[in-house]
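Engineer: The sequence isn't on hand, but the structure is:
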Ligand SMILES: [Zn+2]
């Protein structure tokens, strides 16, 4: 069954407002022609949401899924890293993590646990899922969903940081400008270097988990968690869809075809349960 799943899979991501701490790369220099004003509503600015934030967000969701299945996840940090607080690392180990790379010991196939297998990162080991950035554009007709793109509108937010001391009477301390994307709707493109059933099941379950916990601070996307700038609706696009069907998901004027409904039923009744059984077996074997 796994051979029916293409190495390229897509996650639909929708959000009213996304603020990415590591910043959004924009192409405004192309559009500016020397007279760019960042608050001009006529700006047609696109850009890129870097893969780093997306990857961390997904990994965290996957770790939760493993832990809810009573497994432990690879700790994302090195054991000898300089953690800011004493005891943080040990506290994490008690809360469902094993030290990064420990899973490679006594591991016959050398892949480590399923998290390490997917994300790599130990001894220059590449992960088996390639996470791409999302290219966004305000012009929907130029968005190619089959290439992991999204409709999105670049915004420059101005935040006045004011004093919280009562006697200061909300005196402004500084003005912060933030890059944001508003009304984002599109595809995040992931590619498996090797497609394993447990990978697909873990991805499906993690995306469900992230969608169900999208308002929890710890499961928001990006680095601005205190003002709702990263609450994301997400959904794994049925991996059985072909490209035409994938595009149709984003066509507001059209619903599912009968063929798509059939594929949805096949996915949830046949494929996913089989892949989830493989995930359960692997997590069980690793704990
Ligand atoms: Zn591990």
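Structural biologist: Okay, I see it. Here the structure is a predicted model, which is why all the values come from computation and not from measurement.
Engineer: use CA for all of it now, contacts and neighbours both
Structural biologist: Fine.
Engineer: All the helices of the stretch 51-200 of the chain, residue numbers only.
Structural biologist: 51-68, 88-94, 114-119, 197-212 (DSSP state H, counting those that start in this stretch).
Engineer: which helices and strands sit right next to the strand of greatest length in the chain?
Structural biologist: Assignment by DSSP state E gives strand 172-192 as the longest strand of the chain. Contacts defined by 3 or more CA pairs under 8 Å, 6 or more residues apart in numbering; DSSP states H and E place strand 172-192 against strand 8-19, strand 129-131, strand 134-137, strand 149-162.
Engineer: Any chance of those in a markdown table with distance to the ion and mean neighbour count as columns?
Structural biologist: Listed next are these as a markdown table, based on distance: least, CA to the ion, whole Å; neighbours: other CA atoms under 10 Å:
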| stretch | distance to the ion | mean neighbour count |
| --- | --- | --- |
| strand 8-19 | 24 | 21 |
| strand 129-131 | 15 | 19 |
| strand 134-137 | 28 | 25 |
| strand 149-162 | 31 | 20 |
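Engineer: Make a markdown table out of the ones you listed and add mean pLDDT.
Structural biologist: Converted to a markdown table, the helices and strands packed on strand 172-192 look like this (pLDDT from 0 to 100):
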| stretch | mean pLDDT |
| --- | --- |
| strand 8-19 | 95 |
| strand 129-131 | 95 |
| strand 134-137 | 94 |
| strand 149-162 | 85 |
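Engineer: Output those as JSON lines; include the columns distance to residue 51.
Structural biologist: Formatted as JSON lines, these follow (distance: least, CA to CA, whole Å):
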{"stretch": "strand 8-19", "distance to residue 51": "13"}
{"stretch": "strand 129-131", "distance to residue 51": "6"}
{"stretch": "strand 134-137", "distance to residue 51": "7"}
{"stretch": "strand 149-162", "distance to residue 51": "12"}
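Engineer: Quick one: closest of the helices of the stretch 51-200 of the chain to the ion.
Structural biologist: Between the ion and the helices of the stretch 51-200 of the chain, the shortest separation by CA to the ion is 5.1 Å, and it involves helix 114-119.
Engineer: Off-centre distance for the closest one?
Structural biologist: Distance, stretch centre to chain centre, for helix 114-119: 15 Å (CA atoms, centre = their mean, to the nearest Å).
Engineer: what does that helix rub up against?
Structural biologist: Helix 114-119 has contacts (CA atoms under 8 Å, 6 or more residues apart in numbering) with 59, 62-63, 73-74, 101, 111, 122, 126-129, 199, 282-283.
Engineer: go again using 7 Å as the cut-off
Structural biologist: 73, 74, 111, 127, 128, 129 (CA atoms under 7 Å, 6 or more residues apart in numbering).
Engineer: do the same with stretch 168-175
Structural biologist: So stretch 168-175 is contacted by 158, 159, 160, 161, 162, 163, 164 (CA under 7 Å, 6+ apart).
Engineer: before we move on, what about stretch 47-55?
Structural biologist: Residues outside stretch 47-55 that contact it (CA under 7 Å, 6+ apart) are 24-27, 131-137, 221-222.
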